[in-house]
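Student: with the input below, show me the fold.
(4 chains, ligands or ions: 4)
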Protein chains: 2
Amino acid sequence: MQSYTEENYLKEIYHLSQNGQAVQTNAIAEKMQTKAASVTDMIKKLSEKDLVNYIRYQGVTLTRKGEQAAISIVRKHRLWEVFLVDKLQFKWDEVHDVAEELEHIKSNILIERLDAFLGHPKFDPHGDPIPDQHGKIAAFNFDQLSKLKIGDSGTLTGVTEHSSPFLKHLEKLGLTLGKKIVVQDVLEFDGSIELKLEERVLNLSKEVSNHLLVSLS
Amino acid sequence: MQSYTEENYLKEIYHLSQNGQAVQTNAIAEKMQTKAASVTDMIKKLSEKDLVNYIRYQGVTLTRKGEQAAISIVRKHRLWEVFLVDKLQFKWDEVHDVAEELEHIKSNILIERLDAFLGHPKFDPHGDPIPDQHGKIAAFNFDQLSKLKIGDSGTLTGVTEHSSPFLKHLEKLGLTLGKKIVVQDVLEFDGSIELKLEERVLNLSKEVSNHLLVSLS
DNA sequence: TATTATATTTAGACAAATCTAAAAATTAAA
DNA sequence: TTTAATTTTTAGATTTGTCTAAATATAATA
Ligand SMILES: [Mn+2]
Ligand SMILES: [Mn+2]
Ligand SMILES: [Mn+2]
Ligand SMILES: [Mn+2]
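Tutor: Ligands and ions are numbered 1, 2, ... in the order given. Take a look at the predicted model:
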């Protein structure tokens, strides 16, 4: 078993590994809001436990064992987020911190029962896929809204930025998951995008549209 | 805020305080499965934080602040137990360890939403009262089954022993909360009690009946 | 009351996770 | 290819919660 802290490191390394390359000490330190020296200490410990591959000065990658552990935590995090939103009326910008704690509760039966209770959801409130009990993550093919061309249309299926101010902003604009949008214009000038959303026309900055995922229709 | 460990100490001191007297170091050590020296250390820390009144060699009592903190944890523990049983089909003998972890999740909004979601339950799956958000505990007046006389009848409303073997045993006998019983005989010899439960006649040892609570009818 | 037994506290150490400051390795720039 | 900048690691401390062993206080017994 891993400690609460080890689990947080594993999850963070997992998220930072998505590009395929070894993860740097400083990158972990920044995400974990700690110091590089502390990261080195923890990496050595995780390496000792065969959860990461570690070569001094070369960064870390997760072992299969480490990846499975990380995915299990991600699964729990996302299932608890669904619970908070679907059953306890939390807003999508309010769930993260609580899920950050709940993800560490150790009980397989609990998480499988919760999964069933929620109806085996495939995505969390931010559109992120929920790994199944074997660690399988459903393939999905979404595009950054900022990559679309004039005339393209689709459905908003995810966000890649989870901060409360950002999510509240989307909420206010009516840009919630499942909404249909049509690209009406893309401005050369600043890369901002103009789209139609339920009769209304919105203008989104490049910065915002970078963090929105859509499935084309 | 208190640490996970401090919260566990506070809760245990609270449970041991029910007789009104100061709680002894060794009593805490036994319940917490630790050593007296460790308890002394922690007591000093809790005293420093004004959560317990402590006089060397004289045991501890909770301050108002400490009692409120302890009751808050008990509230969370019992609400989570209700959730596990009512919503996730846990058996009453399976909930304790998981609730032991869940009780430490820090979020007031979470626990108030959970309370509402569960329909503001007054008792947990073992018949223990659930304190309200202000720390108030509903008065209740139950009797130990072992104190009843021949001819007395009532409803099973609680258990004072939460171990899984004990609860499984009751389950097998059909002795679950809400069941009506009538005392048919009390044996002088060993204090065992004979009672009628839905057409059947059961004989319970003094040991068992000591841990059952009934409300007389 | 003196002695013995029990309960509690201190002293000193240890493991986990963190930090600061300094040293070492790697990478980038001149 | 030296030098400079960046990244990473080590060394040594600190905090939290724990432990064992020894000392001290309280309670029970003779
Ligand atoms: Mn976490
Ligand atoms: Mn999420
Ligand atoms: Mn606990
Ligand atoms: Mn209970």
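Student: isn't there a helix covering A:Val201?
Tutor: No: counting by DSSP: H, G, I helix; E, B strand; the rest coil, A:Val201 is not found in a helix; it is strand.
Student: contacting residues around it?
Tutor: A:184, A:194-195 (C-beta atoms under 8 Å, 6 or more residues apart in numbering or on different chains). Any C-beta I mention is one placed from the backbone N, CA and C, and that applies to glycine too.
Student: switch the cut-off to 10 Å
Tutor: Residues near A:Val201 by C-beta atoms under 10 Å, 6 or more residues apart in numbering or on different chains: A:182, A:184-185, A:194-195.
Student: go on, A:Thr34?
Tutor: A:5, A:9, A:28, A:41-42.
Student: what's the answer for A:Gln144, then?
Tutor: With contacts defined as C-beta under 10 Å, 6+ apart, A:Gln144 is in contact with A:158, A:160, A:209-214.
Student: quickly name whichever of the residues you listed is closest to ligand 4.
Tutor: A:Gly158 (39.9 Å; C-beta to the ion).
Student: bridge partners for the closest one, pull those for me.
Tutor: Residues in a beta bridge with A:Gly158, per DSSP bridges, are A:Leu213.
Student: what about it, how many neighbours?
Tutor: Number of residues near A:Gly158 (other C-beta atoms under 10 Å in any protein chain shown) recorded here: 19.
Student: wait, isn't it in contact with A:Asn141?
Tutor: No: using C-beta atoms under 10 Å as the test, A:Gly158 is too far from A:Asn141 to be in contact (11.4 Å).
Student: next, show the common contact partners of these two.
Tutor: A:213, A:215.
Student: quick one: which helix or strand includes the residue lying closest to A:Leu197 once chain neighbours are set aside?
Tutor: Among residues not flanking A:Leu197 along the chain, A:Ile181 sits closest, at 5.2 Å (C-beta to C-beta, 6 or more residues apart in numbering or on different chains). Secondary structure assignment for A:Ile181, by DSSP states H and E: strand A:180-186.
Student: who's in contact with that strand?
Tutor: Residues contacting strand A:180-186 (C-beta under 10 Å, 6+ apart): A:145-146, A:148-156, A:175, A:192-198, A:201-204, A:206, A:209, A:212, A:214, A:217.
Student: where's A:Glu7 relative to ligand 1, distance?
Tutor: The gap separating A:Glu7 from ligand 1 is 7 Å, by C-beta to the ion, to the nearest Å.
Student: dump the residue contacts of that residue.
Tutor: Neighbour list for A:Glu7: A:1, A:69-70, A:72-73, A:76, A:103-104, A:106 [criterion: C-beta under 10 Å, 6+ apart].
Student: try it again with 7 Å
Tutor: A:73, A:104 (C-beta atoms under 7 Å, 6 or more residues apart in numbering or on different chains).
Student: ranges for the strands of chain A?
Tutor: A:52-54, A:60-62, A:143-144, A:153-159, A:180-186, A:193-197, A:200-204, A:212-216 (DSSP state E).
Student: for the last one, packing partners?
Tutor: Spelled out, it's strand A:212-216. Where contact means 3 or more C-beta pairs under 7 Å, 6 or more residues apart in numbering or on different chains; DSSP states H and E, strand A:212-216 is packed against strand A:143-144, strand A:153-159.
Student: out of those strands, nearest to B:Ile137?
Tutor: The minimum distance between B:Ile137 and the helices and strands packed on strand A:212-216 falls on strand A:153-159, with 43.3 Å, by C-beta to C-beta.
Student: for ligand 1, give me its nearest residue in chain A.
Tutor: Counting by C-beta to the ion, chain A gets nearest ligand 1 through A:Glu100, at 4.1 Å.
Student: residues near that residue, how many?
Tutor: Neighbour tally, A:Glu100, other C-beta under 10 Å: 14.
Student: what pLDDT does it get?
Tutor: pLDDT for A:Glu100: 97.
Student: also A:Glu12?
Tutor: A:Glu12 is assigned a pLDDT of 98 by the prediction.
Student: in space, what's closest to it - neighbours in sequence excluded?
Tutor: A:Lys31 (4.9 Å).
Student: just to revisit the earlier point, mind checking which of the contacts of A:Thr34 are buried?
Tutor: Among the contacts of A:Thr34, the ones that count as buried by 16 or more other C-beta atoms under 10 Å in any protein chain shown are A:9, A:28, A:42.
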